[in-house]
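Participant: Quick one: sequence and predicted model below, then my questions.
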Amino acid sequence: MRKSIIWLVCVAALAALPHLLSFSQQEILVVLVINILLVVSYRLMTLTGEWSLGHVVIMGVGAYTSALLTKNLGMYVPVSMILGSLMAAFVAFLLSFPLFRMKGFYFLIGSFASAEIIRLLWKRFRDPFGGPKGLKLIDGLPDINIGPIHIDFFEPTHYYYFAVIVVAACLWILWRIERSLLGLTFHAVHWQDKLAQASGVDVRRFRTLAFVLASGFAGVSGALLTHYIGTINPNTFDVELMVFVLTWAIVGGTATFYGPILGCVALTVLNEIVLREMGFEQARPLIYGVVMIASILFLPNGLESLVKRGVAAWQGRTGGAGAKEKTP
Amino acid sequence: MFANFTRNGVTRRKFLGSAATLAGAGALSSAFPRVPLAADKVVKIGFLAPLTGPVAAWGKPGLDGCRIWAEWVNAAGGISIGGEAHMVEFVAYDNEYDPAKARTGATKLIREDGVKFIMMLGGDTWPGVQPVADNTGMLFSTLLPSDLSPDTKTLIAPCEVHPVYNVTGVEWLAQNKPDLKTAVMCAQDDALGLPSVATYLAAFEAAGIEMLDEPLLFDPATTDFAPVVTRLLSKNPQIVCLDTCYSDYVHPIAEQLFQQGYKGQIISCTADFYDQMIAKTSKEFMEGFIFQFPDFDDPALNADFINFKDANKFYQVYNERHPGEWGAVSWEYASIMDLWKAAAESADSAEPDAVLTAMTAGGKGKHAFGDADWWGSDLFGIDHALVGNWPVVVIENGKATIKGFKSIPEWYAKHGELLKKHMTAYNQMWNQR
């Protein structure tokens, strides 16, 4: 009962949120929702202990595929989004063959190199990728007219609801994966890979699976972005965005499912809303950097550690028994 | 001081608490949209350009110039609309040269700040803003006419007809140094570089200058220009053309040309912060460097046909406030505002459609460098680029000097087909983009 109430409150809050914001904040909110899926999908990959520098390019594969399918073949946008996601997963599958011959730092560099190859291919081949200028005038979601109801997905509020539904569904699947036997195996591959291998777990196969699944969801986020903004180019998916994804994950923390979400939300609000509104338009990179350094110095376990401490303190005040029971 | 600060008991908890309070206060204040103070008789103008990041050099100096322009106009009584004086206020949004942020910025400027006109750098950011322009009818300006297309009727390029004005530099070079007959060119492979490559190719062909090699297109992520320059010089050219490279490329390329012993002619679209280039090379090496953007202390800008008011004083004030930051765009956005102000006063309205109608009336306009024509159907599909004279600038004795003004329409009347040929080859015609 209590859980249901919490869920209802969350749904109501998400539904009401855009109406509490200004127009530009609604625009930021849409991109934030998409970025949440991107960073949470990234965390799925990190569960196996591998950190990639190619995740945003894989997101771009989903974006380019979906954009090209709608532009060139006139495909219905939701269908192209799904195919974009599948293409991202397929490209990740292909990349896994060379990449998972490496581990750790070598995997990190290998993922960066392979991602750059893909990005350079987008730049090199003007047909069909549009070259350095990329693709523009990409179709958005078609309007929906049901009686008096008119839904125009150019409006950020309308697209937000669509994105929230898609992202929530993806997050639920990602959550279920992590809580399943598969998720436990990912953890085992990370923390006890030799033991897992000795127990008959094909470590490489599970790393590949995590990489492919994470890439599929990154592809969804890319497709969501491209049909909202209506334009993409190779720079949209450059290493700068990858650094942001890493930052969100590190500042938020990756020990929990919600850690990267906290990082993404907190840093986006700070960078895009708070600092702009405070008049630090041009000093934002500097202040953003200082805040990041401070958070890493004072919160080495990420923002999620604040939540853990807060919950522990609250449970301590209300008896503490529950907290002790739940501690592994 | 910092030791005292910490000794007096700033704990980690206090630090984080203060930071959180600050962030919370900011977030709370930002949750309530600001109300425009209509009673102040203020007309707001949006400035949507990169103010941070690698392309900031083509955004921030323009905003600084606009602020000087606004001070001068407001001190002189503002803009007269409907018989009343209106003060001008610039509202800036840093789009970081990102289409998504440009869309957010356009939405904020139009729907929250109530601006009447938005100035942009354009380029990669324009496709993100285009749907907003189409949906709202807001009047936008771009510095890059390659953004123009018949699809959007409210986008104008009233100042910089990039890259077409580059033909004037080549034309001047051919007339004044007729013995130089061979050239090579490099450019970054992007939306700025490619149309400029096509333009320079057309200009060289028109001037009878032979290209010794295909233009060398490098990736915008390039940081080491030694191999680029080595390859350029391997052809032993008399002219090295740097196309429309960002200043982050022009500087290291010039440095490499110097280090590799090049002694020939250099021509470039820009030479922002050329004093730094001289410091990195030598005054002798930079002597005769041709580009297209003058310092505004040049006496040639006091000529009667120049429409930019008090150019010399503008340059002086700019340099007092922002020493060493004068660049290609420092005056450009301000010159667009001259046109907008004249059109708004003529239309007696700040509304975008009325201003656009007044601005383009008769097909003529007062460009910063003289009277000009609204032009562009051939290349851009719409006559929304203001084209007239453009200066040719040469570095002489360590100082940028205007050597003359050349007419772009006159060049185009003679060699337009060449330009179209090369633009088509590089897929830069409006119907190919």
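Facilitator: Looks like it came in fine.

Participant: got any ranges where the stretch 151-300 of chain A has weak pLDDT?
Facilitator: Judged against pLDDT under 70, the stretch 151-300 of chain A has no low-scoring part.

Participant: Residues of it that sit close to chain B?
Facilitator: A:154, A:156, A:225, A:229-233, A:235-236, A:238, A:269-270, A:272-278, A:281-282, A:284-285, A:291, A:294, A:298-299 (CB under 8 Å from any CB of the partner chain). C-beta here means a position set from N, CA and C on the backbone, and glycine is covered the same way.

Participant: what's the nearest residue to residue B:198 if we skip its chain neighbours?
Facilitator: Nearest in space to residue B:198, with sequence neighbours left out and distances taken as CB to CB, 6 or more residues apart in numbering or on different chains, is residue B:422 at 4.0 Å.

Participant: repeat for residue A:43
Facilitator: That would be residue A:260: by CB to CB, 6+ apart, it lies 5.0 Å from residue A:43.

Participant: Would you agree the one you found is in contact with residue A:244?
Facilitator: No. The criterion here is CB atoms under 8 Å, and residue A:260 misses it with residue A:244 at 11.6 Å.

Participant: Which of these two has more residues huddled nearby?
Facilitator: Relative neighbour count places residue A:260 above the other of residue A:260 and residue A:244, with 29 against 20, counting by other CB atoms under 10 Å in any protein chain shown.

Participant: so where does that one fall, helix or strand?
Facilitator: Assigned by DSSP states H and E, residue A:260 belongs to helix A:259-268.

Participant: Any chance you could list what contacts that helix?
Facilitator: A:28, A:31-32, A:35-36, A:39-40, A:42-43, A:244, A:247-254, A:288, A:291-292, A:302-304, A:307 (CB atoms under 8 Å, 6 or more residues apart in numbering or on different chains).

Participant: Let me see the domain layout of the chain.
Facilitator: Here I'm looking at chain A. Chain A resolves into domains spanning A:21-237, A:239-328 when parsed by automatic domain parsing.

Participant: my bad, the chain I had in mind was chain B
Facilitator: B:38-162+B:309-389, B:166-295+B:391-425.

Participant: Please work out which of the ones you listed is packed deepest.
Facilitator: Most buried of the domains of chain B by mean neighbour count (mean count of other CB atoms under 10 Å in any protein chain shown) is domain B:38-162+B:309-389; its value is a mean of 21.

Participant: So that domain, near chain A or not?
Facilitator: Yes. Domain B:38-162+B:309-389 reaches chain A (CB under 8 Å from any CB) through B:51-53, B:60, B:92-94, B:98-100, B:103-105, B:107-108, B:111-112, B:124, B:127-128, B:130-131, B:135, B:151.

Participant: In strands, which of the residues you listed fall?
Facilitator: Secondary structure from DSSP state E places B:92-94 of these in strands.

Participant: Looking at those, spot the one nearest chain A.
Facilitator: Closest approach to chain A among these (CB to the nearest CB): residue B:94, at 5.0 Å.

Participant: how about that closest one, what does it touch?
Facilitator: Residue B:94 is in contact with A:276, A:281-282, A:284, B:49-52, B:59, B:101, B:105, counting by CB under 8 Å, 6+ apart.

Participant: so how far is residue A:168 from it?
Facilitator: Distance, residue B:94 to residue A:168, using CB to CB, to the nearest Å: 31 Å.
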